[in-house]
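1. here is the input, now give the coordinates:
(chains A and B)
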Amino acid sequence: MTGIREEMWKTRGILFNFAITDLKIRYKNSVLGVGWSILEPLLMLAVLFFVFSEMFKFEVDNFPIYLLSGIITYNFFKNGTTIALSSLSNRSSLITQIYFPRSIPAISSIFTASIMLIVELAVLGVFMVYFQFTPSLTILYLIPIYMLAFVLVLGIALGLSVLNVKFRDVEFIWGIVLHAGFFLTPIFYRFDMLPEEIRNILQLSPVVQIVEMVHHVTLYGTLPALNSILYSVGSIFIILGIGYLIFRRYQARIVEEL
Amino acid sequence: MSENSINVKNVSKKFRLYHEKRTTLFESIVGSVNRTPHYETLQVLNDISFNVKKGESFGIVGRNGSGKTTLLRILSNIYQPDSGSVETNGIVVPVLALGLGFHPDLTAITNIYQSSILLGISKKQIKEKIDDIIKFAELEKFADTKLKNFSSGMQMRLAFATAVQVDPAVLLLDEVVAVGDLNFQKKCLAVMKDFKKRGKSIVIVSHSSTSIKELCDRAMFLKDGSIEIIGNPNDVIDSYENYMSKLEK
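-> Just a heads-up that it's a prediction; the model follows:
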């Protein structure tokens, strides 16, 4: 364990380097470049806003802000896990030719997603100004909430990055999970619009918990309930543990599968 | 230990040779029910022991598939041996057949940074050396060109130049001696000689008998994953050529 930490420390320079090159390769030959990471959630916002506020006349206060903060938070989860998923399988030439800790691509993917998150949060700020929405100071709690989200994504990313080398269909399964997750997470509806039985099940998802927390601190100026925080922290660290165990089990032999 | 830069003790490595590789989850679920063996094991390396002294260049010869590249990958920690141990002293830089882990969509400069950082060099040190690397590889015009537009010779030159500037304790070269034109080869030879003078070790895998005889102090002939003979390069090459000409008949 100390060996791993020592190695990680020695190669820490590469974490950021990978994150930047991930972005560069992602937006290579594109005119808008990183602009795409802003445009994508905005288009999503436009569609969902039209459908739910015009067609279905949903009653959610400050709907644009509600929608955008949810999309951004879910996007962080989606981006971090999908980039990490292919981070090892995409680097086969590097991994078969130079040794470095196998966890670095997965970790740096989350840094890539974090950079995108920061850009998107800036857009959220612009929207708040435009809609003359003044959040209360509780919005500062976004920092610990996103740190918690970071740990969640890390756990899943570590597991997925090695599993996707072993089983190539993990990629497709995860795509379906993310799609379903988007609709099962209170992003374009209020959580209390759902019947209680369904809520009780969906509450188990740490992503639902995190999105709800984000709504609490940005829109309502309230803190999330203590048991919700405790549950999230507990479940997220269990996921991190499972992800790490999967990673440790497969990581040494992963090169031979590439 | 102190006069050796590589100590290899009883290293063995098996690979699984899949008949129908189970790459999808579904296939492996079906496969775990239907328990016919779907692979055979291939002993790639069998009880290999040798050492390389500081300032020594060590050659490895053998047929295709005799385990040479696998051995280099084990030396550079990319593969884990099934049993046995490998000790290395200082940074080991492998220049394997396809380069140094370069990414086709990144420019030469970015690739140098990425590979060197991975090999344990700080960003500041690379910054100082980057001009030398480009100049040595004779790629001044192509520093900002994406690697996918490079010829294979250019890629190998870049890989060699980067590896040398990292100044490793051990340099592993897989079939790269013949890279580049005559002038570049001469430069490589000069660098390698200087390397040895400064007490660094080189391991060379090659099919060219002349380059092994010229460059190496000692050599080893790998036959189907086992050491056939180890020692004076001339004897080793004789035994290797003998074996190969027998195969021909």
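2. how about the strands in chain B?
-> For chain B, the strands defined by DSSP state E cover B:4-18, B:39-53, B:57-61, B:83-88, B:92-95, B:170-174, B:201-205, B:218-223, B:226-231.
3. residues in contact with the third one?
-> Meaning strand B:57-61. B:50, B:52, B:68, B:71-72, B:192, B:196, B:201-207, B:209, B:212, B:215-222, B:233, B:236-237, B:240 (CB atoms under 8 Å, 6 or more residues apart in numbering or on different chains). (Glycine included, C-beta is placed from N, CA and C.)
4. strands paired with it, and their directions?
-> strand B:201-205 (parallel), strand B:218-223 (parallel) (DSSP bridges).
5. export those strands to TSV and tack on mean neighbour count and mean pLDDT?
-> Formatted as TSV, those follow (neighbours: other CB atoms under 10 Å in any protein chain shown; pLDDT from 0 to 100):
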stretch	mean neighbour count	mean pLDDT
strand B:201-205	25	91
strand B:218-223	22	92
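6. and those as JSON lines, adding distance to B:I112?
-> What follows is the strands paired with strand B:57-61, written out as JSON lines (distance: least, CB to CB, whole Å):
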{"stretch": "strand B:201-205", "distance to B:I112": "21"}
{"stretch": "strand B:218-223", "distance to B:I112": "31"}
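7. so which of the ones you listed gets nearest B:F136?
-> Judged by CB to CB, the one of the strands paired with strand B:57-61 that comes nearest to B:F136 is strand B:201-205, at 16.8 Å.
8. hey, C-alpha coordinates of that closest one in PDB?
-> Below are the C-alpha coordinates for strand B:201-205, written out as PDB (Å, rounded to 0.1, in the frame of the first residue of the first chain):
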ATOM      1  CA  SER B 201      23.600  -0.800 -19.000                       C
ATOM      2  CA  ILE B 202      21.900  -1.600 -22.300                       C
ATOM      3  CA  VAL B 203      19.900  -4.700 -23.200                       C
ATOM      4  CA  ILE B 204      19.500  -5.200 -26.900                       C
ATOM      5  CA  VAL B 205      17.100  -7.600 -28.600                       C
END
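9. what residues go with each domain of chain B?
-> Following automatic domain parsing, one finds the domains of chain B at B:4-90+B:169-248, B:101-166.
10. run the chain-centre distance for the shortest one.
-> In other words, domain B:101-166. Put simply, domain B:101-166 sits 18 Å off its chain's centre (CA atoms, centre = their mean, to the nearest Å).
11. still on that earlier bit, most tightly surrounded among the domains of chain B?
-> domain B:101-166 (a mean of 19; mean count of other CB atoms under 10 Å in any protein chain shown).
12. any residue of that domain touching chain A?
-> Yes: on the criterion CB under 8 Å from any CB of the partner chain, domain B:101-166 is in touch with chain A at B:101-103, B:105-106, B:110, B:113-115, B:117-120, B:122-123.
13. could you give the average pLDDT over that domain?
-> The pLDDT scores in domain B:101-166 average 87.
14. what about it, start to end distance?
-> Across its full length, domain B:101-166 reaches 15 Å end to end, with CA to CA, to the nearest Å as the criterion.
15. measure A:F182 to A:I20 for me?
-> Taking CB to CB, to the nearest Å as the measure, A:F182 and A:I20 are separated by 28 Å.
16. give the closest residue to B:E40 in space, chain neighbours not counted.
-> Nearest residue to B:E40, sequence neighbours excluded (CB to CB, 6 or more residues apart in numbering or on different chains): B:L17, at 5.2 Å.
17. can you tell me how far that neighbour is from chain A?
-> Between B:L17 and chain A the distance is 11 Å, computed by CB to the nearest CB, to the nearest Å.
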